[in-house]
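# when you get a sec, could you give me coordinates for this:
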Amino acid sequence: MITFVADTQRTNRPHWPVPEERRTVTVLFADIVGSTALVDRLDPEDVRALQRAYFDTVAAVLRRWHGVVEKYVGDAVMALFGARHSDGFDAYRAVRAGLEIQAALDRRPILGDITLRVRVGIATGEAVVDLGGAVSGGHGVASGAVITTAARLQEYAAPGAVALCAATARATAGLITQRQLAPVPVAGRVPPMPVWHAAGLARPGTERHDGPLIGRRRELASITDQVTRALHEREPRWVSLVGASGSGRSRLLHELARGLRTVDGIPVRWCVVGCPPYPDQVLAPVAELVRGVAGIRHGDGPAMVRDRLTDALTPLYRPSRVAAAVAALQSLLTTPDGSAEALAGAAVCRDALLRMAAHRPLVVAVDDVDRAAPAVSRFLHALFTAAAVRGLPLAVLTVHQPQWADTRPGPAHRVPIRPLATVQSGRLLRQLLTRAGQTVSLVDRLLPLVGGRPGHAAAYVASIVRGADPTALPDAVRRHTVAELDRLDGERRAVLMAAGTLSGVLSGAAIDRALGWTPGRSAPLLRALVAAGVLRQAHARGYAFVAPALRQVAAERLPRALRAVFARRAAVSPPGIAHSGADRRTLIRRNAGRPTVRAATNRAAATLAAVGAGGGWSAGPAEVVRLDVVRARVGGLDARFAAPPSGAADPAWRHRRVRTPTMATPPAAPTRGTDRPPVPRRLRAVAPAGDVPPATASDRPPTVVDRPVPSIVATGARVVPRPPSRHRPEGLAASA
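Numbering: from 1, shown residues only. Modelled structure (predicted):
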């Protein structure tokens, strides 16, 4: 029985201006071997019954593994995984579905005494997906070379086998037992295509963690303190290590178990177990806890299992109860499903752990608990609650991603695992490159790409060892990043896709223009993305991606044409201007009648029209934005027109060109009548309209007397000061 863990964060994609996406999908092709000869010797009614039984069996397996049937071609079935939503394990689910299809059909009677043999081919790659049609029976949903590759692999697969492409083999390494075959020639492709056969599920292994730990000292100290206090004070605590994929959560758990060996001079017993994706049985992690406590290996026979369980339980139970406890645990190890026998074995395991905690401090740690079935959470809850009632020295450690929302008994101490600092990321990259025999000069190229995530750094180095381009996004990083993006709802995902097409610091105004939204619509979504840890506040009114890979994946999701549309919309305003198009038109209307602006407006209109014709800005009436919204507490920009500084005996300053900021065309050479020497003065950008703080005495230069701040009008040739306005300025230009 396969158990599927519901993803509570999974949402339906609402309709928004991206009807198609470029997605990495896994395609499965399944076809009957010798179907022509089989059909020729059967009655048409028997053929129809056989086809129905075959298609129903295959479709049921595909639905269980969240596959979408794209089409039926004769006796072949084509299915897509990751077409609408990706959890990072699309290839794994496709391979599990292929293996299950073979188990259900290969050499098994399907209609009377008729047996079938099936070939299955699975390929992973990029395709353009019609999101609206990505449902079962949606013909023509995906387009791309990956579909042809899957079909070719199916043709070369042996009867009863599941053939994998190289990308699928990499995506399922460590989860699926694979056997590489000789490359096969494919028409139109050079060199021949490498092929792997999936042989079955891989046994869970222990991840290696070697090399010195870099960074994480603060997090490690915080977790150590929480666990030590729980064991010392005999007050059980639930501690959660929360971090995104690749943040180094598992490494931190490994370091904690290695470093915390004793409390008050008493050895600490650690019970650590990991949760694979989509476990075969709901209580499989609990069964792994039993194996770890008793020292049972997967290859041990029934007699060895019984002896090891007896040795582990004898110090905990009376002799009369040992035999019954051993029998219950053996049932759990044999079939860790949700049956009554398995649940009874889990209850014995929980009681045994509590008895162990009464003898010596105990820590139960579950890695990737967000992959586990709800039955595992209930097991941990019952264990923690019973330990709290009895006052036992026990701690429960869970490791999961931020989106996992589990209800824990009592308060849980959350320890967020944040990105590494730049210096720490550089040290980690140098260490990884040196151990892999690569040049450390690659650090400068890789440092902006890893985003402070140790897992991403390791993936980039491993990709370089395989001969890939150092800056190419590794498959493992792409899979995890795609899953992060797909966990967001439609509007937040749209904001990230639009933001991925923009360069530099992101602003809400630019994103609104790119998406064609009303001004301000993206503001709450940007704040929500910051709270979710996807974006960070870069400036007072700007944002930046936390993970560089997310920017790349979000932008690559968009078709080329829509990517160009978003970029063109966002480029309506020159860089650094925070006004929307409506704001700029308002400024023009306010100033159009002023003599000092009329001539400059005409000149700037010609300049902007020329730029718009070249594709830089969108078509529309040319506008000149004045700078009277720019404020400085003392002096302001007119300080550049003040008298020469003391000590400037050389009159050459009168002929010096002074650069002044404008919003239209670059300034022409100033005339003698308006040229003044530059006076050093600090300008500080303040908050938007209505939030200008009053000047304080500490902010003012001691030799300057307060005076009204004149407004500045930007013209094509110079900056002309106007008399001070009686009205409070409405805001501050972002370029100030």
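# what segments of the stretch 1-150 of the chain are strands?
In the stretch 1-150 of the chain, the strands defined using DSSP state E, counting those that start in this stretch lie at 20-32, 68-73, 76-81, 109-111, 114-115, 118-130, 142-143.
# go through those strands and name the closest to Gln281.
Shortest separation from Gln281 across the strands of the stretch 1-150 of the chain is recorded for strand 76-81, at 22.4 Å, computed as CB to CB. Any C-beta I mention is one placed from the backbone N, CA and C, and that applies to glycine too.
# can you give me the angle that closest one makes with strand 68-73?
Strand 76-81 and strand 68-73 are oriented at 160 degrees to each other (axes from the mean of the first three to the mean of the last three CA atoms, to 10 degrees).
# surely Ala53 is in contact with Gly112?
No - when contacts are counted by CB atoms under 8 Å, Ala53 is not listed as touching Gly112 (10.2 Å).
# looking at those two, which is more packed in?
With neighbours defined as other CB atoms under 10 Å, Ala53 and Gly112 compare such that Ala53 has more, 15 against 9.
# pLDDT score for that one?
What the model reports for Ala53 is a pLDDT of 90.
# what does Ser245 give?
pLDDT at Ser245 comes out at 88.
# check the gap between the closest residue to it other than its chain neighbours and Tyr278 for me.
Closest residue to Ser245 apart from its sequence neighbours, by CB to CB, 6 or more residues apart in numbering: His480 at 3.8 Å. From His480 across to Tyr278, the span is 16 Å (CB to CB, to the nearest Å).
# before we move on, the earlier item: next, the residue nearest to Ser245: secondary structure please.
Classification of His480 using DSSP: H, G, I helix; E, B strand; the rest coil returns helix.
# residues near Phe566, how many?
25.
# point out where the stretch 551-700 of the chain drops to low pLDDT.
For the stretch 551-700 of the chain, residues meeting the criterion pLDDT under 70 lie at 573-700.
# show me where the stretch 351-500 of the chain has its helices.
Here the stretch 351-500 of the chain has its helices, by DSSP state H, counting those that start in this stretch, at 374-390, 422-435, 443-450, 454-465, 475-486, 490-500.
# make CSV from those helices and add distance to Arg179, mean neighbour count and mean pLDDT to it.
Shown next, in CSV, are these (distance: least, CB to CB, whole Å; neighbours: other CB atoms under 10 Å; pLDDT from 0 to 100):
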stretch, distance to Arg179, mean neighbour count, mean pLDDT
helix 374-390, 32, 18, 93
helix 422-435, 29, 18, 94
helix 443-450, 33, 17, 93
helix 454-465, 22, 22, 93
helix 475-486, 20, 23, 92
helix 490-500, 38, 23, 90
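# I'd like to know which of those is closest to Ala358.
Comparison of those against Ala358 by CB to CB identifies helix 374-390 as nearest, at 7.5 Å.
# helices or strands next to that closest one in the packing?
In terms of contacts (3 or more CB pairs under 8 Å, 6 or more residues apart in numbering; DSSP states H and E), helix 374-390 is packed against helix 284-294, helix 340-359, strand 362-367, strand 394-400.
# now do it against helix 284-294, angle only.
Using the same axes, to 10 degrees: helix 374-390 against helix 284-294 is 50 degrees.
# how far is helix 374-390 from where the chain is centred?
Chain-centre distance of helix 374-390: 31 Å, with CA atoms, centre = their mean, to the nearest Å.
# sorry, back to before: out of the strands of the stretch 1-150 of the chain, which comes closest to Val184?
The closest of those to Val184 is strand 118-130. By CB to CB, the value is 10.9 Å.
# and the closest one, what other elements does it pack with?
The elements that strand 118-130 packs onto, with contact taken as 3+ CB pairs under 8 Å, 6+ apart, are strand 20-32, helix 90-105, strand 142-143, helix 145-156, strand 162-164, helix 166-171.
# most packed of the ones you listed?
Highest mean neighbour count of the helices and strands packed on strand 118-130: strand 162-164, a mean of 31 (counted as mean count of other CB atoms under 10 Å).
# direction included, what does it pair up with?
Strand pairing for strand 162-164, determined by DSSP bridges: strand 118-130 (parallel), strand 193-201 (antiparallel).
# can you put these in TSV and add mean neighbour count and mean pLDDT?
Converted to TSV, the strands paired with strand 162-164 look like this (neighbours: other CB atoms under 10 Å; pLDDT from 0 to 100):
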stretch	mean neighbour count	mean pLDDT
strand 118-130	23	93
strand 193-201	17	93
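# and Ala567, which of those is closest to it?
When the strands paired with strand 162-164 are compared by CB to CB, strand 118-130 sits nearest Ala567, at 19.3 Å.
# that older thread, using CSV, lay out the strands paired with strand 162-164 together with distance to Gly542.
Putting the strands paired with strand 162-164 into CSV (distance: least, CB to CB, whole Å) gives the following:
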stretch, distance to Gly542
strand 118-130, 31
strand 193-201, 46
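# export the strands of the stretch 1-150 of the chain to CSV and tack on distance to Pro559?
Below are the strands of the stretch 1-150 of the chain laid out as CSV (distance: least, CB to CB, whole Å):
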stretch, distance to Pro559
strand 20-32, 6
strand 68-73, 19
strand 76-81, 18
strand 109-111, 42
strand 114-115, 45
strand 118-130, 7
strand 142-143, 11
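# give me the pLDDT value at the closest residue to Val184 other than its chain neighbours.
Once flanking residues are discounted, Val184 sits nearest to Tyr156: 4.7 Å by CB to CB, 6+ apart. At Tyr156, the model reports a pLDDT of 87.
# what of the one 5 residues further on?
pLDDT for Ala161: 93.
# and the residue nearest to it when sequence neighbours are not counted, how far from Val118?
Once flanking residues are discounted, Ala161 sits nearest to His197: 5.3 Å by CB to CB, 6+ apart. If you measure His197 against Val118 using CB to CB, the figure is 14 Å.
# Gly508 too?
53 Å.
# next: Ala395.
49 Å.
# tell me the contacts of Phe89?
Pro277, Tyr278, Arg479 (CB atoms under 8 Å, 6 or more residues apart in numbering).
# distance to Pro204 added to those residues, as CSV?
Shown next, in CSV, are the contacts of Phe89 (distance: CB to CB, whole Å):
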residue, distance to Pro204
Pro277, 11
Tyr278, 13
Arg479, 19
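# quick check: mean pLDDT of the helix or strand hosting Gln226?
Gln226 belongs to helix 217-233 when assigned by DSSP states H and E. Averaging pLDDT along helix 217-233 yields 93.
# tell me the gap between the helix or strand following that helix and the middle of its chain.
With elements assigned by DSSP H and E, the helix or strand that comes after helix 217-233 is strand 237-242. How far strand 237-242 lies from its chain's middle: 22 Å, per CA atoms, centre = their mean.
# angle of the next helix-or-strand element following strand 237-242 against strand 237-242?
Sequence-wise, the next helix or strand downstream of strand 237-242 (DSSP H and E) is helix 249-259. Between the axes of helix 249-259 and strand 237-242, defined by the same axes, to 10 degrees, the angle is 140 degrees.
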